[in-house]
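In: Everything below, folded, please.
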Amino acid sequence: MHRHGYKGRKFRRETDQRRALIKGLVTNLVDHGTIETTLPKAKEIVPYAERLITKAKKGGLHNRRQVIAGLLNLDTARKLFDEIAPKLILRNSGHLRIVRTRLRVGDNAQMARVEFVDDVYESVVKAEPSKAQIEKVEPKKADNKTARAAAPKAVKAVDKHLSQKPVSTVRKSGER
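Out: Numbering: from 1, shown residues only. Model (predicted):
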């Protein structure tokens with residue numbers, strides 16, 4: 001008996017459970033940018049996720065509905081269309097990579113991390129400039145005396161801001 005036409009892995013699950021597993025893993029991948037799972041599951045979800053990413057890049061109502069059906073969450077589908085797909089427009093395929101990480105302690109299974117090749121979450125994570133950084137920026141047309149006098153004050157403000165440590169409260173056992 002040949003194995004012609006037997007595509008994919010079963011993972012010892014029913015068809016519906018297997019589809020839900022793959023959808024859940026891909027949804028978490030889009031939400032968090034990286035996931036860690038077993039190597040066979042990682043190899044199974046990468047082609048599925050690649051197809052969804054390609055549909056998101058093409059756009060259109062039909063592709064949007066197919067991506068929504070392929071993920072568990074409507075917000076995740078919106079994130080894929082609005083934030084991730086525009087950043088991957090220059091790459092035709094190969095948006096994801098599989099990196100082998102470790103052997104799982106309980107059963108010695110090979111674990112792998114699935115992540116985007118391009119850093120799609122770079123601009124999303126950037127923090128807003130703090131007040132000290134805003135004070136440090138000065139207008140270009142200033143006298144030398146005022147610029148020299150203002151610069152040490154800005155540095156002192158930054159140092160003062162960084163030198164303050166957050167106050168932590170120590171709780172006794174039983175306190176909330």
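
In: Give me the domain ranges for the protein.
Out: For the chain, automatic domain parsing gives the domain ranges 15-125, 131-163.

In: Determine which stretch of those domains is the most buried.
Out: domain 15-125 (a mean of 15; mean count of other Cβ atoms under 10 Å). The C-beta positions use only the backbone N, C-alpha and C, and glycine is treated the same way.

In: picking up where we left off before, output the domains of the chain as a markdown table; include the columns mean pLDDT and distance to residue 5.
Out: Shown next, in a markdown table, are the domains of the chain (pLDDT from 0 to 100; distance: least, Cβ to Cβ, whole Å):
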| stretch | mean pLDDT | distance to residue 5 |
| --- | --- | --- |
| domain 15-125 | 95 | 16 |
| domain 131-163 | 55 | 61 |
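
In: will you turn those domains into a markdown table that also has distance to residue 2?
Out: Converted to a markdown table, the domains of the chain look like this (distance: least, Cβ to Cβ, whole Å):
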| stretch | distance to residue 2 |
| --- | --- |
| domain 15-125 | 21 |
| domain 131-163 | 66 |
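
In: And the helix or strand hosting residue 40, what does it pack against?
Out: Taking DSSP states H and E as the criterion, residue 40 maps to helix 39-58. If you count contacts as 3 or more Cβ pairs under 8 Å, 6 or more residues apart in numbering; DSSP states H and E, helix 39-58 packs onto helix 15-32, helix 61-70, helix 85-87, strand 96-103, strand 110-116.
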